[in-house]
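Peer 1: I'll drop the sequence and a predicted model, then ask my questions.
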Amino acid sequence: MFVRVKRSGKTGEGREYLQIVQSVREGWRVRQRVIATLGRRDELVSSGAVDGLVTSLARFSERVRVIDAARAASFSAQAREWGPALVFGRLWETQGLPEVLQRLAEGRRFSFDVERQTFAMALQRLCAPGSDLQGSGWVKRVEAPGFADMELHHFYRTCGFLASVRQALEQALFFRDRDLFSQGLDLVFVDTTSTFIYRDTETEFRKRGYSRDHRGDLPQFVLCVAVDRDGWPIAWEIFPGNTADAAALRKVIEILRERFKVRRAVIVADRGMISEDMIALLAEDKDAPFDYVLGCRMRQQKEVTEEVLARAGRYHVVAGNLHVKEVRVGPRRYIVCRNPEEAAKDAAARAAIIERLEDAVKQHPKSLVKNRGFARFLTVEAGAVTVNREAVEADARLDGKFVLRTNTNLPPSEVAMTYKGLWRVERSFRETKSTLEVRPIFHHRDDTSMGHIVACFLALRLEVDLQRRLDERTITVSWPDLMRDLGQLQAVTIDLDGLRFLLRTDLIGEAHAAFVAAGVRVPPMITEMGPTPEPPPDPEEGTM
């Protein structure tokens, strides 16, 4: 039934009446039957009769009563964030993490659900990065099973648990991922980074070393992660803060061989990893050697600067901004890659530097000697400072270029494109250190710090999973906007006439795209939760 406006007389001059009408099917036709005529519209509105009728009818609509009660309630006290828990909770289940964690926790006497606690820690990294102390307050504002009962010491104990099972967890997820997504592993992108800890004292893992964050005053961990060609994290490892990149790569390769039984793959790594010892390690297993594509340090490797870059030869165009050519020095195979656009920028930047140098040499030559950026273009002889033209020409040979060394039989264009795919692991690190926020780490112990990092990588898996699903559906959305809009979907608890209801707020912005990509049905506007729980007994009741 519905209310219809019935007009009488000429258009613009007649009167309007409100009628209650019911649609009735008669055979193949639908007719409207007037149940009652309420009266003239203007008189009903002016007298307030319409408002009274609506209010009276609302008493018989549970949905309307709940919505009215919610509007009258204090949303700030009762609203809880719901959207991220629904979307990432589905991905968490799809990845099989509940089963894996429950199996790893068997035999441990936890007084709480460690799987739920781990999910809460991973979700916090995505939604509200902060300390565990902050997380223990944040979970109270989230609508998700088990979150309401979580306490601060549950966070600490779960960090220790994750540290103790991290290798078994990594291995279980690796083999499960291979079964779910693909049977083989052809490309492995590897890179390292560091993350500092807000502590002064060093430990077995917490060491001072080269800091990419420019915080050499603080101890740090070194993180090494390997991802596949789709950017999916397949392995991660945590090293002492003074571990060199090459040593970290060596360990990851051992993990791929021993822990994951990977027999054949192409290792792609940045120029910080290359060394003769590392290349020997990659090829030392005669039965199942790893192929590799490694970046070269052009300024520091004599063979590259004097032989590879000096070789003449035509470049082949792969794309407008990528030209490649192959150079062999004995049994070693190199691929020289050139970006014409970057070459023009490098040449212009150097020309500006040389122009400034020539002016400065005439006026303040001694001030230039201490400038490391200028030193490579200067010659100091008998106290005289001059521009080194040979150094300028040598630098020009590097404009817009990068050099790769490989033992694969891939065409030069594929080698170059494979190396450029290293952005996937770099993206993982950007997310791990900014979007996911590994920091701050305030833990005193190494094991709880490691558990904190494991939770961050589980969060990374959730983010990569959702992004991949969005890409498959060609849904383009800004990640910060997506997370902001998901957080706006809230749940409001309403108690009415002895029953508890859960009221959902409206979806806004990009939130619907996340639900579609994750395959999650949007909850109904109102969900009946059952009888209102009895309040807990007053501990002082009955005392004198």
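Peer 2: That came through, no problem.
Peer 1: mind giving me the packing neighbours of the lengthiest helix in the chain?
Peer 2: Identified as the longest helix of the chain according to DSSP state H is helix 152-181. Packing partners of helix 152-181 (3 or more CB pairs under 8 Å, 6 or more residues apart in numbering; DSSP states H and E): helix 97-104, helix 114-127, helix 132-138, strand 233-240, helix 446-472. C-betas here are computed from N, CA, C, even on glycine.
Peer 1: list the buried residues for that helix?
Peer 2: Residues 154-159, 161-163, 165-166, 169-174, 177-178 are the ones in helix 152-181 that count as buried (16 or more other CB atoms under 10 Å).
Peer 1: still on that earlier bit, pick out the shakiest of the helices and strands packed on helix 152-181, pLDDT-wise.
Peer 2: When the helices and strands packed on helix 152-181 are compared by mean pLDDT, strand 233-240 comes last with a mean of 85.
Peer 1: would you mind identifying the next helix or strand past that strand?
Peer 2: helix 245-258 (DSSP states H and E).
Peer 1: and the next helix or strand after the longest helix of the chain, what does it pack onto?
Peer 2: From helix 152-181 onward toward the C-terminus, using DSSP H and E, the following helix or strand is strand 187-196. If you count contacts as 3+ CB pairs under 8 Å, 6+ apart, strand 187-196 packs onto strand 220-227, helix 245-258, strand 266-269, helix 423-430.
Peer 1: quick check: angle from the second one to strand 233-240?
Peer 2: Right, helix 245-258. On the basis of axes from the mean of the first three to the mean of the last three CA atoms, to 10 degrees, helix 245-258 is oriented at 130 degrees to strand 233-240.
Peer 1: take helix 245-258, keep the C-alpha atoms, and write them as CSV.
Peer 2: As requested, the backbone C-alpha atoms of helix 245-258 are provided in CSV (Å, rounded to 0.1, in the frame of the first residue of the first chain):
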residue,chain,number,x,y,z
ASP,A,245,72.3,-6.2,2.0
ALA,A,246,74.3,-9.0,0.4
ALA,A,247,74.3,-11.1,3.6
ALA,A,248,70.5,-10.6,3.9
LEU,A,249,70.0,-11.7,0.3
ARG,A,250,72.2,-14.8,0.9
LYS,A,251,69.9,-15.8,3.8
VAL,A,252,66.7,-15.3,1.8
ILE,A,253,68.1,-17.5,-1.0
GLU,A,254,68.9,-20.2,1.6
ILE,A,255,65.3,-19.9,2.8
LEU,A,256,63.9,-20.3,-0.7
ARG,A,257,66.1,-23.4,-1.2
GLU,A,258,65.7,-25.1,2.1
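Peer 1: helices or strands up against that helix?
Peer 2: Other helices and strands packing on helix 245-258, by 3+ CB pairs under 8 Å, 6+ apart, are strand 187-196, strand 220-227, strand 233-240, strand 266-269, helix 276-283.
Peer 1: residues of that helix that come out buried?
Peer 2: By neighbour count on 16+ other CB under 10 Å, the buried set for helix 245-258 is Asp245, Ala246, Ala247, Ala248, Leu249, Arg250, Val252, Ile253, Ile255, Leu256.
Peer 1: following the lowest-mean-pLDDT helix or strand in the chain, which helix or strand comes up?
Peer 2: The weakest-scoring helix or strand in the chain, judged by mean pLDDT, DSSP states H and E, is helix 75-78 (a mean of 46). Scanning forward in sequence from helix 75-78 by DSSP H and E, the next helix or strand is strand 79-81.
Peer 1: show me what that following strand is packed against.
Peer 2: Here strand 79-81 touches strand 490-496, going by 3+ CB pairs under 8 Å, 6+ apart.
Peer 1: angle of whichever helix or strand comes after the strand it packs on against strand 490-496?
Peer 2: The helix or strand immediately downstream of strand 490-496 is strand 499-504, counting by DSSP H and E. Taking the same axes, to 10 degrees, one finds strand 499-504 and strand 490-496 inclined to each other by 160 degrees.
Peer 1: pull the residues that contact stretch 519-531.
Peer 2: Residues outside stretch 519-531 that contact it (CB atoms under 8 Å, 6 or more residues apart in numbering): 62-63, 66-67, 82, 86-87, 90, 469, 493, 498-504, 507, 512, 515.
Peer 1: many thanks, we can stop here.
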